[in-house]
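J.: Provided below are the primary sequence and the corresponding predicted coordinates.
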Amino acid sequence: MKIKNTVVILLLISLLMMTTSIVVTGVETFEKFGPRANDIIFKVAGSLSNEAIDLETGQIDFMDWAVPSDKIDTWLADPDITMGSYDEAGWYEFDLNLQMWPIGHGVMDGIEGAGPTRDMDWDFPASWDAGSYWINYTCQRCLDAKKFRQAIAHLTNRDALDAQFEGVIAPMETFIFPTIGGWENPLAPKYAYSLALANACLNEGGFMDYDDDGVREYSKHVAEREAWLANPSGPDPPEVEEIPDIQLWRRTDDPIRSYAGELLRDALTALEVEVDDQAGSYSTCTPHVWKYYDYHIYTGGWGWGTVPDMYYECWHSSKDLYPASDSDNYNRYHSQEYNALAEAFLTSPDQATAETTLDACQMWLHDDVACIPLYTMKGYVAHRTNYGDFPGEQQYKNLPWEGFVNEQGYGYYGAWVGYTSLNAHPQGYERGGTLRHGLIEAPDILDPVDSESFYEWCILSKIYEPLLMNDPNDVTVNIPWLVSDFDEGSWVNPQNDTCSKITVVLRDNILFHDLELLTPADVNFTFCYLRDAKSVSTYWAVKDFDHCDISGNTIDICFNLTSWLALDWVGGVPILPRHIWIDYPPTLPGDPTVPGSWSFNPELGDALIGTGPYMCNKDDVVGRIDRTLDEYFHLEANPTYFRKLVRPDFVTAGPTPTPDGNVDIDDFMTAVGQFGTSYPTWNPTYGPIADVNKDRVVDIDDLMEIAVRYGGTGYNNGYPPYYT
């Protein structure tokens, strides 16, 4: 009875399923159906070196990071490891807090202990905006703080960093990484590494050792300090202020960033600037940076998309959410002049105009030294060549892996969904096995609204997915994913302003993991919810969202301004299930150190439910994550995801099954008759045919494959899509 009821349900929902076809573009072959693996396990290593050992010893199949420089030669010569070339879509930087003296001109108001210069005599107008000081380019302290930042820029030793990690980084002097390199303005200010130039900047800014105690002080009295600099043994030193120790938060989970911080620390110390070196993991450092903005310098990093909108998203003043946490502009850079340039870039009607405005943004931001670019990753990514030796999985042991896709900018770990996680499978099996994915550090929280770290989204991007995906060989090309079509257009708002809209046609057969149908109402709800919650992960994509107009499955996603970036925004939003989130009102991001500071934590609520290729399912509770704290996270394949067409159909008359071109009751009854059998003990004639998905077991997945094609035609010329 249970099996019969399940089959009836599968037949009823057959029209809700879909598949897509094999695609070959460029040098990488990838398929848009899957997942081919039964499970994916994320193993937490705790450090990059440990993760490398996990790959070498076969405990994981691929890493979430580029190959360490000390492993490149060894792994290139190792037949058990397959290497692929890599240029990362993202960058690493020295983040500077422009509300903390002497890095910046201001001081945070109302945060206990965070403003060491709170009682200083500020001699420029106190133009406040929610506790933020704006740069005044005639204010002496503003100008002097800029000289301090320029000194740091001159102390940024990219050559030494590149030499230490040869072959795995590409130094950067703007935030345009190589994947999108055509956007870089070659005239943007550069800062050669030089202790002498850094010393000159500090002196010019009034930061000198006036009392000969081996530590620099600051004087705001320009004439007196210049006279003293010209003849230190002559006039009396001017009135001075002590400089607070520079809080340097250095990430130790990433050896490259840690070393970059050490180089800067030592250079500052050599120039008599005291440094409070705070070294720790992501979870140790980031509360001070993202939550409390209590730092001077941070060894930060960003993974990014396909357009250079960081010059708006990271440094326009509106992206500073203080006093709320998790601002994209956690540098807290406030410049009216820069705002105007960034807004012109954002609202450019086309790419040609955007290129001109972005040139101006680069000139201004790098002259101000609002943030200091360091490098991007390059070199190699790696995966195990063959399936490993694991109890209960001996049928796959030593079989070659097939289907690993090296995505442009994202390697084997992938961006949204991850084509490797869709395609990878042991050779000889249409479907089977477990993918083991390395993680350097365990996620703090799994939440598509408030999760912010790379490690969290390695997992979440397998559970949730956007309307559009990028071609893994050319990330500037959009692929319809949850939609069958999309188009760029415009609408006129009530103020008679022409604004951007993106029109999409939602596929009509997509299910959430709990088998609820994805509808246009879910899309509209998602954009509204993430906007109102000022989502940590996606506010950049939804902050200018206005509304959706819905007609059947056609959705006009309307924004409140004109921007050439609108299509990129639509492709960056993970779609949420309205039927789950509707009961929890959106709130601003909370403090992860305070339990209950979010209005809704889907992980704690057993509600990690999306439409993605993998799903949470523990103790038969869909949406409950299977995890062992700081050790691993387990997801299983979503059985209703995009799937390949069933194999050639058959009739059951006679001892030899004969195809008749139709998926009908004969196919169904044959699979039912073989249900529960497996290779090699199944019926040698009917077992291989009833095993529709070729995982060598006849089970509910095979019945589902027949159900979704029931009444249709059979296999024809490869793997045709449901939608042509």
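T.: Happy to help now that I have it. It should be emphasised that the depicted structure is a prediction, and the values quoted were computed from it without experimental measurement.
J.: okay, CA-based contacts and neighbour counts for the rest of this
T.: Will do.
J.: chain center to the helix or strand where residue 55 lies, what's the gap?
T.: Using DSSP states H and E, residue 55 maps to helix 48-56. In terms of CA atoms, centre = their mean, to the nearest Å, the gap separating the centre of helix 48-56 from the centre of its chain is 22 Å.
J.: again, but for stretch 284-303
T.: 17 Å.
J.: got it, and stretch 273-286?
T.: 23 Å.
J.: Straight-line length of that stretch, end to end?
T.: Chord length of stretch 273-286, first to last residue, is 24 Å (CA to CA, to the nearest Å).
J.: Numbering from 46 from now on, please.
T.: Got it, first residue is 46 now, which makes that one stretch 318-331.
J.: Contacts for that stretch next, please.
T.: With CA atoms under 8 Å, 6 or more residues apart in numbering as the contact definition, stretch 318-331 has outside contacts at 260-261, 289-298, 303, 310, 313-314, 486, 489.
J.: and those residues, which are buried?
T.: Members of the contacts of stretch 318-331 that pass the buried threshold by neighbour count (16 or more other CA atoms under 10 Å) are listed as 260-261, 289, 291-298, 303, 310, 313, 486, 489.
J.: Please point out which parts of the helix holding residue 100 sit buried.
T.: Of the residues in helix 93-101, those buried by neighbour count under the rule 16+ other CA under 10 Å are 93, 94, 96, 97, 99, 100, 101.
J.: Could I get those in a markdown table, plus columns for distance to residue 534 and pLDDT?
T.: Listed next are the buried residues of helix 93-101 as a markdown table, based on distance: CA to CA, whole Å; pLDDT from 0 to 100:
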| residue | distance to residue 534 | pLDDT |
| --- | --- | --- |
| 93 | 45 | 92 |
| 94 | 49 | 93 |
| 96 | 46 | 97 |
| 97 | 47 | 97 |
| 99 | 49 | 98 |
| 100 | 47 | 98 |
| 101 | 50 | 97 |
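J.: now for the top strand by length along the chain, which elements pack on it?
T.: If each strand of the chain is counted by residues according to DSSP state E, the longest one is strand 416-429. For strand 416-429, the helices and strands in contact under the criterion 3 or more CA pairs under 8 Å, 6 or more residues apart in numbering; DSSP states H and E are strand 126-132, strand 135-141, strand 214-216.
J.: Show the subsequent helix or strand relative to it.
T.: On the C-terminal side of strand 416-429, the nearest following helix or strand under DSSP H and E is strand 446-447.
J.: Pull the CA coordinates from the next helix or strand after that following strand and hand them back as PDB.
T.: The C-terminal neighbour of strand 446-447 among helices and strands, as given by DSSP H and E, is helix 464-468. Included here for helix 464-468 are C-alpha records, laid out as PDB according to Å, rounded to 0.1, in the frame of the first residue of the first chain:
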ATOM      1  CA  TYR A 464      28.400  22.500 -11.800                       C
ATOM      2  CA  THR A 465      30.700  19.900 -10.200                       C
ATOM      3  CA  SER A 466      28.100  19.100  -7.600                       C
ATOM      4  CA  LEU A 467      25.600  18.600 -10.400                       C
ATOM      5  CA  ASN A 468      27.800  16.600 -12.800                       C
END
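J.: Can you list the low-confidence ranges for the stretch 596-745 of the chain?
T.: Low-confidence segments of the stretch 596-745 of the chain, defined by pLDDT under 70, are located at 633-644, 688-693, 697-699.
J.: so where do the helices sit in it?
T.: Listed in chain order, the helices found in the stretch 596-745 of the chain under DSSP state H, counting those that start in this stretch are 611-615, 623-626, 710-718, 732-735, 745-753.
J.: CA atoms only for the third one, dumped as PDB, please.
T.: What that stands for is helix 710-718. Once side chains and other backbone atoms are set aside, the C-alpha atoms of helix 710-718 remain, and they are given as PDB (Å, rounded to 0.1, in the frame of the first residue of the first chain):
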ATOM      1  CA  ILE A 710       2.200   1.200 -18.100                       C
ATOM      2  CA  ASP A 711       4.500  -1.500 -19.400                       C
ATOM      3  CA  ASP A 712       7.600   0.500 -18.300                       C
ATOM      4  CA  PHE A 713       6.000   1.200 -15.000                       C
ATOM      5  CA  MET A 714       5.000  -2.300 -14.200                       C
ATOM      6  CA  THR A 715       8.400  -3.700 -15.200                       C
ATOM      7  CA  ALA A 716      10.100  -1.400 -12.700                       C
ATOM      8  CA  VAL A 717       7.500  -2.300 -10.000                       C
ATOM      9  CA  GLY A 718       8.200  -6.000 -10.700                       C
END
